[in-house]
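**Q** Output the structure for:
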Amino acid sequence: MNYVIIPCWKRAEFLAVCLKHIQNAIGFEKCLYYFAVDRGYDEEVMGIINQFNYKKIVRIAEHKYKGNSFNILTAFKEVYEISNKRTDLIFLIEEDIFVAEDFFLFHEKIQHQVLDTFFVSACFNQNIKYKLKGKWNDIYKHTSYQSLGVSFKIDNIGIINSYVTEDYYQDMNKYVINKFPNLKVKYAEQDSLIHYIIIDNKFSGVYPILPRAFHAGFVGYNRLGKEIDQTLPLSKRIEMLYHMDQFEMNERAFKYKDIKVCEMKSQNIQEYKLIEIKIPFNISIRLFLKRVFNIFKLIYRK
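**A** Below is the predicted model of the structure:
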C-alpha cells in the first residue's frame, strides 16, 4: 500500500479541487491518505477532509515554528514509523497540486524503472529556465528538488528523517549552514533541506518532459496573489477554481506567474525513456560568462 501525505492549512477550495483530481486518478483508492493539518487551520479545511470517504489518517500539528517545515517533515517521520517499512512509495501532494489521471501510474512506473532515483516529481521542473526538448514519453534526471507532486521510496524517507533534529527547527538557517558547509546555502525550509541532502550525497531525481501534475498555487503561504472572494460560499469557490484556466491563474499571481497547466487525461504511456537533457548553446554561453564574471569579481574583492 502506498501512503499519500497531504499537507493542508487554510485553502479549503484548493484542498477540495486537489482531492477531486486525486479521485479521478487511476489507482487512487489503493492508497492511504495522511492529512497533515497545520496549526491555525481553517475549519472549512477540516470539513473537506471529513467528506473524503477513503482510507485516511488525520493529524493536527501543534507547534511554535514558522513555515510549513515542521508539519511536512513530522508527517514524513510519522508515516515512516506507522508504515513499518511495509509500503512501496510515500507521496507528497500539497493542497495546490492538481494531478492527472495517470499520476500514480507514472510514479509507480518510474520508481520501478529508475532504481537509483532519490525522488520522482510529476510536475514541470521550475528550476529549469529554458525549454526542454524531448518526446512525450521522455524522462530525465536532475539534481534540483521541488516538493511538487513527488514520491519517495521508503528508504529515502528514512535518509531525510536522519537529518531532521530539534536543532533544525530551532534555527533552520544556522542548521543547514553548519550541516552543509561546502554548499551555497540560500534557503532553509523543508524543500531546501531536502535539496541540500540530495546535492551533498550526489543523489538525483527524475522529471517528465510531459508533466502529469501541475502546481496551481497562485496564492498561498509563500506566494502573494489575488485569492478567490472568500465571502462566496465554499461550493462556489471550489467550482470557480476547478474550472479556472492557466491564464486566469497566472493573472491572479502577483509575482510568480509560472503556472503551467498540464493535460489531465491519461496519456496511456506504456514505456518511458530516460534521456540526457542538453543545455541550449545560448544558455551555455550565458552561464559561462556569468562564471567568468563571478571569478573576476572575487579577484577584484581580494
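**Q** Just after the helix or strand hosting residue 34, pick out the following helix or strand.
**A** Per DSSP states H and E: residue 34 is located in strand 31-38. Scanning the chain past strand 31-38 towards its C-terminal end, the next helix or strand to appear is helix 43-50 (assignment: DSSP H and E).
**Q** partners of the helix or strand just after that following helix, with directions?
**A** The element immediately downstream of helix 43-50 (helix or strand, assigned by DSSP H and E) is strand 56-61. Take DSSP bridges as the rule and strand 56-61 pairs in its sheet with strand 31-38 (parallel).
**Q** Only the C-alpha atoms, please, for the strand holding residue 34, written as CSV.
**A** Once non-C-alpha atoms are left out, strand 31-38 reads as follows in CSV (Å, rounded to 0.1, in the frame of the first residue of the first chain):
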residue,chain,number,x,y,z
CYS,A,31,-3.5,4.4,-1.1
LEU,A,32,-3.8,5.5,2.5
TYR,A,33,-4.2,9.3,2.8
TYR,A,34,-2.4,11.1,5.6
PHE,A,35,-3.8,14.6,6.1
ALA,A,36,-1.1,16.7,7.8
VAL,A,37,-3.2,19.7,9.1
ASP,A,38,-1.1,22.6,10.2
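**Q** Which helix or strand contains residue 79?
**A** Assigning secondary structure by DSSP H and E places residue 79 in helix 69-83.
**Q** Give me the contact list for the helix or strand that that helix is followed by.
**A** Past helix 69-83, heading to the C-terminal end, the next element that is a helix or strand (DSSP H and E) is strand 89-92. Where contact means C-beta atoms under 8 Å, 6 or more residues apart in numbering, the residues beyond strand 89-92 that reach it are 2-5, 7, 31, 72, 76, 79-80, 83, 104, 107-108, 111, 147, 149-154, 157. Every residue, glycine included, has its C-beta placed from N, CA and C.
**Q** Mind doing that once more with 7 Å?
**A** Defining contact as C-beta atoms under 7 Å, 6 or more residues apart in numbering, one finds that strand 89-92 is touched by 2-5, 79, 107, 111, 147, 150-154, 157.
**Q** how far does that strand sit from the chain's center?
**A** Relative to the chain's own centre, strand 89-92 is displaced by 10 Å; criterion: C-alpha atoms, centre = their mean, to the nearest Å.
**Q** Now tell me what touches the helix or strand that it is followed by from outside.
**A** For strand 89-92, the succeeding helix or strand toward the C-terminus, using DSSP H and E, is strand 97-99. Residues outside strand 97-99 that contact it (C-beta under 7 Å, 6+ apart): 17-18, 21-22, 25, 93, 122, 148-149, 212-216.
**Q** again with stretch 250-265
**A** Where contact means C-beta under 7 Å, 6+ apart, the residues beyond stretch 250-265 that reach it are 100-101, 124, 126, 211-216, 218-219, 223-226, 245-246, 249.
**Q** Now with 6 Å, please.
**A** The list of residues contacting stretch 250-265 from outside it, by C-beta atoms under 6 Å, 6 or more residues apart in numbering, reads 100, 101, 124, 211, 214, 218, 223, 224, 225, 226, 246, 249.
**Q** Kindly report the same for stretch 65-72.
**A** Here stretch 65-72 makes contact (C-beta under 6 Å, 6+ apart) with 7, 36, 38, 61, 63, 169, 189, 190.
**Q** Over to stretch 157-176?
**A** The list of residues contacting stretch 157-176 from outside it, by C-beta under 6 Å, 6+ apart, reads 65, 70, 73, 76, 77, 80, 90, 185, 188, 194, 196, 197.
**Q** just stretch 19-26 next, same as before
**A** 28, 52, 98, 99, 101, 103, 104, 105.
**Q** Neighbour-wise, give me the winner out of those residues.
**A** Using other C-beta atoms under 10 Å as the neighbour definition, the contacts of stretch 19-26 reach their maximum at residue 103, which records 29 neighbours.
**Q** show me the contacts for that residue.
**A** For residue 103, the contacting residues are 25, 122, 212, 213, taking C-beta under 6 Å, 6+ apart as the criterion.
**Q** cool, residue 132 as well?
**A** In this structure, residue 132 makes contact with 209, 277, judged by C-beta under 6 Å, 6+ apart.
**Q** and it, which of the three is it?
**A** Secondary structure, DSSP: H, G, I helix; E, B strand; the rest coil: residue 132 is coil.
**Q** how close does it sit to residue 162?
**A** Residue 132 is 33 Å from residue 162, where distance means C-beta to C-beta, to the nearest Å.
**Q** element containing residue 158, please.
**A** Assignment of secondary structure by DSSP H and E places residue 158 within helix 154-163.
**Q** Next secondary structure after that helix?
**A** Next in sequence after helix 154-163, counting helices and strands by DSSP H and E, comes helix 166-170.
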